[in-house]
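>>> take this sequence and fold it.
(one chain, ligands or ions: 1)
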Amino acid sequence: MKVSVLGPAGSYSEIAAHIFFETAIDGPSPELLFCSSIENTVMRLFEEDENGDLSNCAVVPIENSIEGAVGVSMDLLLEKDVSVIAELILPVRHCLLVPEKSTQTPDFSPDKIEVVYSHPQGLYQCRSYIQKHLKGAVLIETDSTSKAAMRVAEMSDNSADGKVRAAIASAEAGKAYGLKAVDCQIQDNLNNSTRFLLLIRSESLPLLKIHAGDVGLHILPENLSQTGSGDVFYKTSIIAAPIQDRPGVLFHILEAFYENDINLTRIESRPSKKSLGEYNFYIDFEGRPSDKNVDDALKLVQERSSRLKILGTYGRILPNRQ
Ligand SMILES: O=C(O)C(=O)C[C@]1(C(=O)O)C=C[C@@H](O)C=C1
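Numbering: from 1, shown residues only. Now for the predicted structure:
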């Protein structure tokens, strides 16, 4: 089982992949294919890398509790033939990581740091901390938080300019690259969390339903979050493109859910990229297409949209990480 994730080792995407596969999915342990961007992580489902490796599943961040939607992942859900088979909410606890030798000067403190590296999400999620403790530092964006940690470790070994550098990344990334965490829990909100999706090629979906073994995956229902009555809490995600820009288009799409007594869990609009002011609506709701009310609602949404893409029906995997 090959699983593509944003790399290098120590990224939050890697942590999410381990939780998906080790705590909730019955199957062989995954071989992780580390990718240089979220886009490449999804592309790896369709195109081999330089070693001839193709992934069976991809793990992507989709939404953060502080910063909201991860735009590139949202766009890929529309553009690529992928289906969602599970979700996970990962607590994201950022650390300020510096090379051990920088901390050995007697007067070291975070305000001595001159350059800070992180993924844009990492920098946004720690805005208040940066404002307060790293005011004078130059901020440099990297492709992932773990790439930031790797870069700080490399610069510490190879750069002669004597600058004090730090990365904002996970404690796991700190361990992977031998950096010291001089501060932890530096995100603006202690409950910061990111929702990750597990994706497969849509063509694999019938195989997953009929013979889970053919895809090598079986999601254990006891590890999925449950409703009050003990049933698995299933969600469905769709993307609807309105027929034309006129008053009430979104209202009529949402009315289909209201009339069928369906609870929405998320609605987000993304530019269609065709012209300014034209949007696609991403809607997550409780239930699955085999439920009569969901089937009825989807028929109405189909009639009221120029395009309806059903991204998948899936359960939420319960993480054991705080
Ligand atoms: O950079 C990483 O470590 C990632 O896995 C990406 C990512 C994201 O894009 O949201 C994932 C979780 C955190 O929100 C910060 C960064």
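>>> element containing Ala241, please.
For Ala241, the host element (DSSP states H and E) is strand 234-242.
>>> that strand: partners in the sheet, and parallel or antiparallel?
When pairing is defined by DSSP bridges, strand 234-242 lines up against strand 279-286 (antiparallel), strand 305-317 (antiparallel).
>>> identify, out of those, the most deeply packed stretch.
Of the strands paired with strand 234-242, the one with the most neighbours on average (mean count of other CB atoms under 10 Å) is strand 279-286, at a mean of 20. Backbone N, C-alpha and C define where each C-beta goes, glycine included.
>>> tell me the spacing between Glu114 and Arg127.
19 Å (CB to CB, to the nearest Å).
>>> now Asp261. Nearest residue, chain neighbours left out?
Asn293 (6.0 Å; CB to CB, 6 or more residues apart in numbering).
>>> neighbours of the one you found, how many?
13 (other CB atoms under 10 Å).
>>> report the buried residues of the helix or strand hosting it.
Element membership for Asn293, per DSSP H and E: helix 292-303. Neighbour-count burial for helix 292-303, counted by 16 or more other CB atoms under 10 Å, picks out 294, 297-298, 300-301.
>>> and the angle for that helix with strand 234-242?
20 degrees (axes from the mean of the first three to the mean of the last three CA atoms, to 10 degrees).
>>> please save the CA atoms from helix 292-303 in PDB.
Output of helix 292-303 as PDB, limited to C-alpha atoms (Å, rounded to 0.1, in the frame of the first residue of the first chain):
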ATOM      1  CA  LYS A 292     -33.800   8.200   1.000                       C
ATOM      2  CA  ASN A 293     -33.700  11.900   2.200                       C
ATOM      3  CA  VAL A 294     -30.100  12.300   0.900                       C
ATOM      4  CA  ASP A 295     -31.000  10.700  -2.400                       C
ATOM      5  CA  ASP A 296     -34.000  13.100  -2.800                       C
ATOM      6  CA  ALA A 297     -31.900  16.100  -1.900                       C
ATOM      7  CA  LEU A 298     -29.200  15.200  -4.300                       C
ATOM      8  CA  LYS A 299     -31.700  14.800  -7.200                       C
ATOM      9  CA  LEU A 300     -32.900  18.400  -6.400                       C
ATOM     10  CA  VAL A 301     -29.300  19.700  -6.200                       C
ATOM     11  CA  GLN A 302     -28.600  18.100  -9.600                       C
ATOM     12  CA  GLU A 303     -31.600  19.800 -11.200                       C
END
